[in-house]
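Visitor: Predicted model and sequence below, questions to follow.
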Amino acid sequence: MATEVCHHAIGTLQSHSYLSNLNHSQNLRSGSLRLATSQRNCFVIRSSASHSQTSVVDPVLAPSRSNTGDSSKKSNEAALILIRHGESLWNEKNLFTGCVDVPLSKKGIDEAIEAGKKISNIPVDVIFTSALIRAQMTAMLAMTQHRRKKVPVVLHDESEQAKAWSQVFSEDTKKQSIPVTTAWQLNERMYGELQGLNKQETADRYGKEQVHEWRRSYDIPPPNGESLEMCAERAVAYFRDRIEPKLLSGKNVMIAAHGNSLRSIIMYLDKLTSQEVISLELSTGIPMLYIFKEGRFIRRGSPTGPTESGVYAYTKHLALYRQKLDEMFQ
Ligand SMILES: O=C(O)[C@H](O)COP(=O)(O)O
């Protein structure tokens, strides 16, 4: 049975003043966050404890030490946005897609733009996408909505020549750019001989339970495909080797990827068990926000609540970033 991550569970602060919500946010911040399975069979967040202040570095205005943008500066907090790509043309047709490289549907394009609006006030210094076009389209479309108006620039280091030919020779231009790294390790899990098959027809043929096992069990692969565990081996390793160091250095990161590569990363971030991850479902085009602080990932939910303040209220760092954007782009 499909279940949803209950984004609203932590997106229910209703005040329109994100700054006035800081007290609440400080209570939420950095306490122990526990995942539980609610009666509605979706993950909810429980928070407890409160503690120290975040030291604030303004990602909009602080001088950058990087070639490309806002914040390789010291910060003890960084934002991590995860977005599953918008609906693809094969999601629309209910086909197993896996590593087949299909583009977004019209609905998926709209979802990506909507996702972009939801994160338009959250700092993004670097972007990672899978090597697949649906994730790349999602990242690019989302960034068209960002208020900071930086330009995402896809890095090409597949060969020395590609690297040399895509160099930028203006420091100013680099500062107005967001480097985009594409990585096959973030690809959807390889669905083996299910790729291209209709999900409903496959369930009719092999039985609902069997197909659910292929789709959602942790360690049972579909025929000649990858299990979630196998997908996690490459996706989580990439996250740890390439993405975590960025967060550690204070960079705000967005990752546009896929249902299962992101499920495996969320399993790592939220320390889910192989049982818990079974009921973790990600909707297309829904951004999820984490704060990386003092070596820990704190889930802040998704900017999907009725008011965007529900998200921005959570940390002073994000609230101040937004305030600076308001000042700059009024
Ligand atoms: O690859 C696919 O078909 C989808 O992106 C994810 O499918 P799933 O929900 O069956 O894992």
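Guide: It's in. Numbers count the residues shown, from 1 in each chain.

Visitor: Low-confidence bits of the stretch 1-150 of the chain, can you list those?
Guide: Along the stretch 1-150 of the chain, segments meeting pLDDT under 70 span 1-75.

Visitor: Residue in it with the shortest distance to the ligand?
Guide: T97 (3.6 Å; CB to the nearest ligand atom). Where C-beta positions appear, they are placed from N, C-alpha and C, glycine not excepted.

Visitor: Looks to me like that residue is in a strand.
Guide: No: counting by DSSP: H, G, I helix; E, B strand; the rest coil, one finds T97 to be coil, located in no strand.

Visitor: who's in contact with the spatially closest residue to it that is not a sequence neighbour?
Guide: Nearest residue to T97, sequence neighbours excluded (CB to CB, 6 or more residues apart in numbering): W90, at 4.4 Å. Residues near W90 by CB atoms under 8 Å, 6 or more residues apart in numbering: F96, T97, V100, V102.

Visitor: ok, which residues in the protein are in contact with the ligand?
Guide: F96, T97, G98, E188, Y191, R215, H258, G259, N260 (CB under 6 Å from any ligand atom).

Visitor: In a markdown table: those, plus distance to V168.
Guide: Below are those laid out as a markdown table (distance: CB to CB, whole Å):
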| residue | distance to V168 |
| --- | --- |
| F96 | 39 |
| T97 | 34 |
| G98 | 35 |
| E188 | 31 |
| Y191 | 38 |
| R215 | 42 |
| H258 | 29 |
| G259 | 34 |
| N260 | 34 |
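
Visitor: out of those, which one sits closest to H146?
Guide: H258 (21.7 Å; CB to CB).

Visitor: Identify the residues contacting the closest one.
Guide: Contacts of H258 by CB under 8 Å, 6+ apart are R84, H85, S130, L132, R134, A135, L186, N187, E188, R189.

Visitor: Same check on T129?
Guide: Applying CB under 8 Å, 6+ apart to T129 gives the contacts A135, Q136, T138, A139, V180, T181, T182, A183, L186, I255, A256, A257.

Visitor: cutoff 10 Å now
Guide: Taking CB atoms under 10 Å, 6 or more residues apart in numbering, we find T129 in contact with 83, 85, 135-140, 152, 154, 180-183, 186-187, 254-258.

Visitor: Do a quick rundown of the strands in this protein.
Guide: 33-37, 43-47, 77-84, 126-130, 151-154, 177-183, 253-257, 287-293, 296-301 (DSSP state E).

Visitor: from those strands, which stretch is densest packed?
Guide: strand 253-257 (a mean of 28; mean count of other CB atoms under 10 Å).

Visitor: And that strand, what does it pack against?
Guide: Applying 3 or more CB pairs under 10 Å, 6 or more residues apart in numbering; DSSP states H and E, we find strand 253-257 packed against strand 77-84, strand 126-130, helix 133-143, strand 177-183, helix 228-238, helix 244-248, helix 259-269, strand 287-293.

Visitor: what angle do the last one and strand 296-301 make?
Guide: Just to be clear, that refers to strand 287-293. Angle between the axes of strand 287-293 and strand 296-301 is 150 degrees (criterion: axes from the mean of the first three to the mean of the last three CA atoms, to 10 degrees).

Visitor: mean confidence for strand 287-293?
Guide: Summarised as a single mean, pLDDT over strand 287-293 is 93.

Visitor: Who does that strand pair with, and is each partner parallel or antiparallel?
Guide: The pairing partners recorded for strand 287-293 under DSSP bridges are strand 77-84 (antiparallel), strand 296-301 (antiparallel).

Visitor: And the fourth one, by the same measure?
Guide: Each strand that strand 177-183 pairs with, and the sense of that pairing, follows from DSSP bridges: strand 126-130 (parallel), strand 151-154 (parallel).

Visitor: chain center to it: distance?
Guide: 14 Å (CA atoms, centre = their mean, to the nearest Å).

Visitor: and E160, how far is that from the ligand?
Guide: Distance from E160 to the ligand, counting by CB to the nearest ligand atom, to the nearest Å: 34 Å.

Visitor: so R299 bridges to which residues?
Guide: Going by DSSP bridges, R299 forms beta bridges with Y290.

Visitor: There's contact between it and I81 in this structure, I believe.
Guide: No: taking contacts as CB atoms under 10 Å, R299 lies outside contact range of I81: 11.9 Å.

Visitor: shared neighbours of those two, anything?
Guide: Going by CB under 10 Å, 6+ apart, residues that sit against R299 and also against I81 are M288, L289, Y290.

Visitor: follow-up on the earlier one: please tabulate the helices and strands packed on strand 253-257 in CSV and include distance to L325 as additional columns.
Guide: Converted to CSV, those look like this (distance: least, CB to CB, whole Å):
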stretch, distance to L325
strand 77-84, 14
strand 126-130, 18
helix 133-143, 15
strand 177-183, 15
helix 228-238, 30
helix 244-248, 21
helix 259-269, 26
strand 287-293, 16
